[in-house]
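Enquirer: Need coordinates for the below:
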Amino acid sequence: MRGHPQGLTMLELIIGIAITAMVGLSVAGVSSVLAGSYSQGEEYYRHMQSVRIGMLRLQSTVRKAHLVTEVSAEQMMLWHEPAGGDGQINPSELTLIKYDPGEDKVTQYQIVFPDWLDPDWRLWWDYQIDLQDMLDDPSFWAAVVRLHPFVESTVYASGITDFRLSGGTSPPTTRLVTAHLTAGTGERAVHLRGSVAPRADRTGYLVSTYGEYVLVYD
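Expert: Next comes the predicted model:
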């Protein structure tokens, strides 16, 4: 009979170890779930910030535009003339906003001439552009800006998995631009849609003759 209590002690020890192991596994499982939930929450917040900041930056740029010369699904060209301008379009006054699906980002491109550039060379680089030429061949002028030797780029948003633009009317009379931004994929994707009206104060100087637009500025 003396061995009986010892048997109980061993059995109790085995049961205690099993319970401890089960509790440990449960705690590990809960920790794993919490860590996964935290990671998903961080990812969702990151996606939300990307589309929100991207939309705010895009709207701010569009709102200042004198004219919209192109709106396609993945890119847009805007004319921002500085104060005291001559009312005509020059390369340094153009702003290209383009979505790069290969890198999941929305980027702004602008030509910025350095201070050291000789004034005569600047005049040569910053020639006058015919508005109808821009309307006829928007891809060419987008390439002129994006690939220019003095181009500067600013990333509006990264991690963008889908980006779409549309205009209420065709350029150059566009008065409303709508953008759709998506960050992430599947159930964790964040979608944002917003519209913005460009300044478009140069539409009053547009003259259409035989289907071609000309800027007339006094």
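Enquirer: can you give me the strands in the protein?
Expert: With DSSP state E, the ranges of strands along the chain come out as 67-71, 75-79, 94-100, 105-111, 151-158, 160-167, 177-183, 190-196, 206-209, 212-215.
Enquirer: right, and those - which one's nearest Trp125?
Expert: Taking C-beta to C-beta, strand 105-111 is the member of these nearest to Trp125, at 8.0 Å. In short, each C-beta sits where N, CA and C put it, glycine included.
Enquirer: What strands flank that closest one, and is each parallel or antiparallel?
Expert: strand 94-100 (antiparallel), strand 151-158 (antiparallel) (DSSP bridges).
Enquirer: Run the angle between it and strand 160-167 for me.
Expert: Strand 105-111 and strand 160-167 meet at an angle of 60 degrees, taking axes from the mean of the first three to the mean of the last three C-alpha atoms, to 10 degrees as the criterion.
Enquirer: Average pLDDT for strand 105-111, rounded please.
Expert: Strand 105-111 carries an average pLDDT of 98.
Enquirer: Centre of the chain to it, how far?
Expert: Distance, stretch centre to chain centre, for strand 105-111: 9 Å (C-alpha atoms, centre = their mean, to the nearest Å).
Enquirer: Return it as CSV; C-alpha atoms alone will do.
Expert: These are the backbone C-alpha positions of strand 105-111, laid out as CSV (Å, rounded to 0.1, in the frame of the first residue of the first chain):
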residue,chain,number,x,y,z
LYS,A,105,2.9,54.5,-57.1
VAL,A,106,1.5,57.8,-58.3
THR,A,107,4.1,60.4,-59.2
GLN,A,108,4.1,64.0,-60.2
TYR,A,109,6.6,65.2,-62.8
GLN,A,110,7.6,68.9,-63.4
ILE,A,111,10.4,70.6,-65.3
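Enquirer: Mind listing residues that contact it?
Expert: The contact list for strand 105-111 (C-beta atoms under 8 Å, 6 or more residues apart in numbering) reads 54, 57-58, 61, 91-92, 94-100, 145-146, 148, 150-160, 163, 181.
Enquirer: count of residues packed around Asp115?
Expert: 4 (other C-beta atoms under 10 Å).
Enquirer: which of the strands paired with strand 105-111 sits most buried?
Expert: Across the strands paired with strand 105-111, averaging neighbours per residue (mean count of other C-beta atoms under 10 Å) puts strand 94-100 on top, at a mean of 22.
Enquirer: where in the protein is pLDDT low?
Expert: Scanning the chain for pLDDT under 70 picks out 1-40, 218.
Enquirer: So which residue is dead centre in it?
Expert: Val106 (3.4 Å; C-alpha atoms, centre = their mean).
Enquirer: List the contacts of the residue lying closest to it once chain neighbours are set aside.
Expert: Excluding the flanking residues, the one nearest Val106 by C-beta to C-beta, 6 or more residues apart in numbering is Tyr156, at 4.3 Å. Contacts of Tyr156 were listed using C-beta under 8 Å, 6+ apart, and they are Ile53, Gly54, Arg57, Leu58, Ile97, Lys105, Val106, Thr107, Gln108.
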